[in-house]
Structures are given as structure tokens and as C-alpha cells.
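Novice: Just to be clear, the model below is a prediction. Sequence and coordinates:
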Amino acid sequence: MRVKSRWHNKAKTRTPQELGSTLAFIAWRIGMNAVKNMQKEGFDFPSYAVQLQVMEEFLPFLIQVVDRLVYERMDEETRRNLVTALALHLVDTMVENQVDLLGPGEYRGPLIERLNARLDDYAAFSFNGEEPGYHFLRYLGERVDAVLAKEGNRWVIEHIVDIEAPEAVKTMRKALRDVSGQGAAAALAKETGE
């Protein structure tokens, strides 16, 4: 998947909040791309509500990927500000989509509770260098399977672990390098071999 992740003014220093906002836009595109790919592969998404439920599972996964990738590269305050901005922008985007597609309702509170629960769960799984461990990927597969199994879909976990999750990580890693600036990009590229 290709995403626009380069700044026009490369010399300008970006705040963690600006980086978080940009990464949120990219994370949303990554999640939507995964949903579209799964539809093309024959997985049944009978409604927009089901698509949004799957997106709700991709978002904490991608937040945790960003957090793990920047963990040793940023001081604690910068990292916290970046991840908080990323999460808040994603929550805002999800709530806007829920209101647009499902009608008015109280979405923010339950969404934040679910997001926090998922982030706590992901924290228990390993992340080896620049790659999530198998259980990190499988957990996303299990969460998406819990949504799609009701619709009679099979092989969801395997598809997520083998295709969608690795592609999402790869795209997010590249986007993070690109939006973080040349110094950070060079350091990340050297460490990941990309």
C-alpha cells in the first residue's frame, strides 16, 4: 500500500502532536485498506457497522506498533505526546464515522474503554526489534475473527497473521520514518534494513 507520508517543507521541525495527527490519518488509511483487501479476498462484511468493528481492532494494533517503534528513539514525554495525539485523532475519526454511518449515539466512551483494554493486552506481547512477535499478530487476528466469525467467515486469523498485519506494520514503519524527518528516518532505515 502506498501512502503519502512526506512533508512539503522538510526543514520544519514537527511537534509530536503534528506527527500524531499525520500518523493517525495514515493509520486510518492502513486499516481501511485492510478491510478492502479482505472484502476482495471474499470475507463477508455485511454492513458498515461490521467494517467499523474491524477498524476498531486495527486501530489499537497500529497505535501499539507506533509506540513500540518509537520506544527507544524518543524521550518519554515526546513519545507519550505522540502516541496520545495519534490515539485521540483516531478516536475522533472513528466517532465521526460512527455518527455518519450509524447515526447519533454515545460512541466515544465505549470506544476509549475498548482501546485502552486492547492496548493493555498488546503490551503483554513481544516486539522483536522492528517486528511484532507472532502472538502480537495473532491477537489482532483473533480480535478480527471475533467480529467476522459471526458472519460465517473462515481463515480470518491466518489471513490477518500472514497478510494484513505484516503489510500494516511495514506501511506504518515506512510512514513513521518518512514523517519523523531525515535524521530519524536514516536511523530507522539503518536499523530495519529498508
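Specialist: That came in fine, so what should we check first? Residues are numbered from 1 along each chain as shown.

Novice: which stretches of this protein form strands?
Specialist: 127-128, 131-132 (DSSP state E).

Novice: For the last one, name the packing helices and strands.
Specialist: Secondary-structure packing of strand 131-132 (3 or more CB pairs under 8 Å, 6 or more residues apart in numbering; DSSP states H and E): helix 165-180. For glycine as for every other residue, the C-beta is placed from the backbone atoms N, C-alpha and C.

Novice: Let me know which of the strands of the chain is tucked in deepest.
Specialist: strand 131-132 (a mean of 20; mean count of other CB atoms under 10 Å).

Novice: which residues sit against that one?
Specialist: Val65, Arg68, Phe125, Ser126, Ala165, Val169 (CB atoms under 8 Å, 6 or more residues apart in numbering).

Novice: Can I have the buried ones of these as a ChimeraX selection?
Specialist: The ChimeraX command for the buried members of the contacts of strand 131-132 (criterion: 16 or more other CB atoms under 10 Å) is given here:
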select :65,68,125,165,169
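
Novice: so where's this structure uncertain?
Specialist: 1-14, 181-194 (pLDDT under 70).

Novice: roughly how far is the longest helix seen in it from the heart of the chain?
Specialist: The residue-count maximum for a helix in the chain (DSSP state H) belongs to helix 76-102. Centroid separation between helix 76-102 and its chain, computed with CA atoms, centre = their mean, to the nearest Å, is 11 Å.

Novice: Now the most centrally placed residue in the chain. Nearest residue, chain neighbours left out?
Specialist: Closest to where the C-alpha atoms of the chain average out (CA atoms, centre = their mean) is Leu62, at 2.2 Å. In this structure, Leu62 finds its nearest non-sequential neighbour in Ala27, 4.3 Å apart by CB to CB, 6 or more residues apart in numbering.

Novice: Tell me where the chain has helices.
Specialist: Using DSSP H, helices in the chain cover 16-40, 48-70, 76-102, 108-123, 134-148, 156-159, 165-180, 182-192.

Novice: Counting neighbours, what do you get for Glu151?
Specialist: 13 (other CB atoms under 10 Å).

Novice: So it sits against Asp44, correct?
Specialist: Yes - Glu151 sits in contact with Asp44 when judged by CB atoms under 8 Å, with a separation of 4.5 Å.

Novice: residues in contact with Val65?
Specialist: Residues near Val65 by CB under 8 Å, 6+ apart: Pro132, Ala168, Val169, Met172, Arg173.

Novice: Mind doing that once more with 6 Å?
Specialist: Val169, Met172 (CB atoms under 6 Å, 6 or more residues apart in numbering).

Novice: Distance-wise, check it relative to Leu140.
Specialist: Distance of Val65 to Leu140, given as CB to CB, to the nearest Å: 10 Å.
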